[in-house]
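S.K.: Need a 3D model of the following:
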Amino acid sequence: MTLTWAENVTSDPEKMRVYQQERLILEVTELLCEIMSKQGVTKAQLASRLGKSKAFITQLLDGRANMTLRTISDVAFALGKSLSIKERPIAMSSVPGFTDGPGPFRYHDEGPTIDDPTEPPTGPSSNPRRMAA
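M.R.: Just a heads-up that it's a prediction; the model follows:
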């Protein structure tokens, strides 16, 4: 029996861990790019504000560079924003072999979020930064 992509990732804790890393990197970089776009800030302008090169900013925003929490905070500050991280359980009740019981490998369809507290909440979950799994 051939597993779907989702079943393959969620059936292996190591694959799920890596998936969660990549999902969060994508979510953060998309949020920062969205803020830049709304403000009309270019990579060169952001680089200047941070005292970094445009190449460094490009690497941050395309996920090639390992962004620390300090770096994320610095970029948000340079954009006049404050970010917060919210956790949600990983609940995989729809994945064969997993339940919604206690344990580290639970997936929730809304996933962790990074919210911009200066923006008003939107949508049914009040989470404008939700990514589909």
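
S.K.: Asn66: neighbour count?
M.R.: By the measure other CB atoms under 10 Å, the count of residues near Asn66 is 9. (Glycine included, C-beta is placed from N, CA and C.)

S.K.: three-state assignment of it?
M.R.: With DSSP: H, G, I helix; E, B strand; the rest coil as the basis, Asn66 sits in coil.

S.K.: for the chain, which spans come out with low pLDDT?
M.R.: Counting by pLDDT under 70, the ranges of the chain that qualify are 91-133.

S.K.: Go ahead and confirm Ala44 touches Lys54.
M.R.: Yes: counting by CB atoms under 8 Å, Lys54 is a contact partner of Ala44 at 4.9 Å.

S.K.: got a list of what Ser73 touches?
M.R.: Listed by CB atoms under 8 Å, 6 or more residues apart in numbering, the contact set of Ser73 reads Leu83.

S.K.: Please identify the buried residues of the longest helix belonging to the chain?
M.R.: Counting by DSSP state H, the longest helix found in the chain is helix 13-39. Residues of helix 13-39 classed as buried by neighbour count (16 or more other CB atoms under 10 Å): Met16, Tyr19, Gln20, Leu24, Ile25, Glu27, Val28, Thr29, Leu31, Leu32, Ile35, Met36.
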